[in-house]
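Colleague: generate a structure from the sequence data that follows.
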Amino acid sequence: MTSTSTSSGAAPATEVTLREATPDDADTLGRIFFEAFESIASRHAFPTEPVSREFTAWRMKWLVHHPAVYGLVAERDGQVVGSNFVDERSAIAGIGPISVEPGVQGAGVGRALMEGVLARERERGAAGVRLVQTAYNYRSLSLYAKLGFVVREPLSVVQGAPLEVSVAGHRVRPAERGDADAADALAHQVHGHTRGGELRDAIDDGTAVVVEREERITGYATGFGYPWHAVAETNDDLHALLACAQRFRGLGILVPSRNAELLRWCLAHGLRIVQQSTLMSIGLYNEPAGAWLPSIVF
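Modeller: As a prediction, this is how the structure comes out:
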């Protein structure tokens, strides 16, 4: 357990206690997760990123039970007021979601939660730490910049109906466990590190697909939506993956905005931009050498 003091404006300092999340916290954290994001989105007239209370309840249960995800809970005056999670399934740690009870936002709880998970990743010796920040939330952008995060990529959140197109010369099929090594090699080629833990979980969950060109794997996606990522040699390989998606779950997929050809292709096929986000990092970051879509953590 760790404690820190926070204050908001002229209000007296209040002690915040941090502890590891447990399965018993899931219901409370799911409620705070939804209400925190709903409050921020409503103030800025944007759609709420977690699409329902049912989703946040499910997601929190998944997070607190996964052995490779670390959760941190903030308590103030004996009440749970927020949480933060860090995905430790690869050499790069992915932070989020971080959520704070609407009534205590701006009082330093979020900073305490971020400092807590960053301290853990320093102790673990993580090669790098990343997160995806919602662009209209200037408060969180300021906090992350102060904590040492660097802006790496503007992202366009894109949503729409299934594309119902095909890409000649490409075959997309469900991913199998035997595909994992080739997919890991591809991720390393594009990013300089693998995301094998996420990929294998997605294969087991039945959401992962691979694309083959000239009888070899040239791309994969763990799914299509905020929780999932994709890696491919070329934009055409990524087009083929996107073309097979039956739906883009939640608010949509995250498209690197600097990949102008990919973004134009999405827009030309009827997808629309819903909002903007920002990929930020501390530590190891290699400029990607291929086509890719990040997840909501990186």
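
Colleague: could you measure from Ser90 over to Ala126?
Modeller: 9 Å (Cβ to Cβ, to the nearest Å). All C-beta spots, glycine's among them, are computed from the backbone N, C-alpha and C.

Colleague: what's the answer for Ala182, then?
Modeller: In terms of Cβ to Cβ, Ala182 sits 25 Å off from Ala126.

Colleague: those two: which has the busier surroundings?
Modeller: More crowded of Ala182 and Ala126, by other Cβ atoms under 10 Å: Ala126, with 20 against 15.

Colleague: is that one in a helix, a strand, or coil?
Modeller: coil (DSSP: H, G, I helix; E, B strand; the rest coil).

Colleague: I'd say it and Ala93 touch.
Modeller: Yes - at 4.5 Å, Ala126 and Ala93 qualify as touching, with contact defined as Cβ atoms under 8 Å.

Colleague: please name every helix or strand in contact with the helix or strand hosting Ala180.
Modeller: Using DSSP states H and E, Ala180 sits in helix 180-191. Helices and strands touching helix 180-191, by 3 or more Cβ pairs under 8 Å, 6 or more residues apart in numbering; DSSP states H and E, are helix 196-205, strand 216-221, strand 230-232, strand 291-293.

Colleague: now render these as a markdown table, adding mean pLDDT, distance to Arg43 and mean neighbour count.
Modeller: Formatted as a markdown table, those follow (pLDDT from 0 to 100; distance: least, Cβ to Cβ, whole Å; neighbours: other Cβ atoms under 10 Å):
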| stretch | mean pLDDT | distance to Arg43 | mean neighbour count |
| --- | --- | --- | --- |
| helix 196-205 | 97 | 32 | 18 |
| strand 216-221 | 98 | 33 | 23 |
| strand 230-232 | 98 | 32 | 28 |
| strand 291-293 | 98 | 28 | 22 |
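
Colleague: export those to a markdown table and append columns for distance to Arg120.
Modeller: What follows is the helices and strands packed on helix 180-191, written out as a markdown table (distance: least, Cβ to Cβ, whole Å):
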| stretch | distance to Arg120 |
| --- | --- |
| helix 196-205 | 17 |
| strand 216-221 | 29 |
| strand 230-232 | 27 |
| strand 291-293 | 27 |
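
Colleague: between those, which one is nearest to Leu141?
Modeller: Nearest to Leu141 among the helices and strands packed on helix 180-191 is strand 291-293; the distance by Cβ to Cβ comes to 21.5 Å.

Colleague: looks like Phe248 contacts Gln159 (just checking).
Modeller: Yes - with contact defined as Cβ under 8 Å, Phe248 and Gln159 form a contacting pair (5.6 Å).

Colleague: just the helices from the stretch 101-250 of the chain, written as ranges.
Modeller: Along the stretch 101-250 of the chain, counting by DSSP state H, counting those that start in this stretch, helices occupy 109-124, 138-146, 180-191, 196-205, 235-243.

Colleague: contact partners of the second one?
Modeller: It stands for helix 138-146. Gly106, Gly110, Arg111, Met114, Leu131, Gln133, Thr134, Ala135, Val151, Thr278, Met280 (Cβ atoms under 8 Å, 6 or more residues apart in numbering).

Colleague: give me the buried subset of these.
Modeller: Gly110, Arg111, Met114, Leu131, Gln133, Thr134, Ala135, Thr278, Met280 (16 or more other Cβ atoms under 10 Å).

Colleague: now, the most widely separated pair of these?
Modeller: It's Arg111 and Ala135 that sit farthest apart of these, by Cβ to Cβ, at 19.6 Å.

Colleague: ok, Lys64 touching Gly71?
Modeller: Wrong residue type there; residue 64 is Val, not Lys. Yes - using Cβ under 8 Å, Val64 is in contact with Gly71, at 5.6 Å.

Colleague: so what's in contact with the two at the same time?
Modeller: Shared contacts of Val64 and Gly71, counting by Cβ under 8 Å, 6+ apart, come down to Ala21, Asp25, Leu29.

Colleague: for my notes, confirm the last one occurs in a helix.
Modeller: Spelled out, that is Leu29. Yes - Leu29 sits within a helix when classified using three-state DSSP.

Colleague: any idea how far Arg43 is from it?
Modeller: Leu29 is 22 Å from Arg43, by Cβ to Cβ.

Colleague: okay, those two: which has more neighbours?
Modeller: More neighbours surround Leu29 than the other of Leu29 and Arg43, with 26 against 11 (other Cβ under 10 Å).

Colleague: that one is in contact with Val64, isn't it?
Modeller: Yes - here Leu29 reaches Val64: they are 7.4 Å apart, a contact under Cβ under 8 Å.
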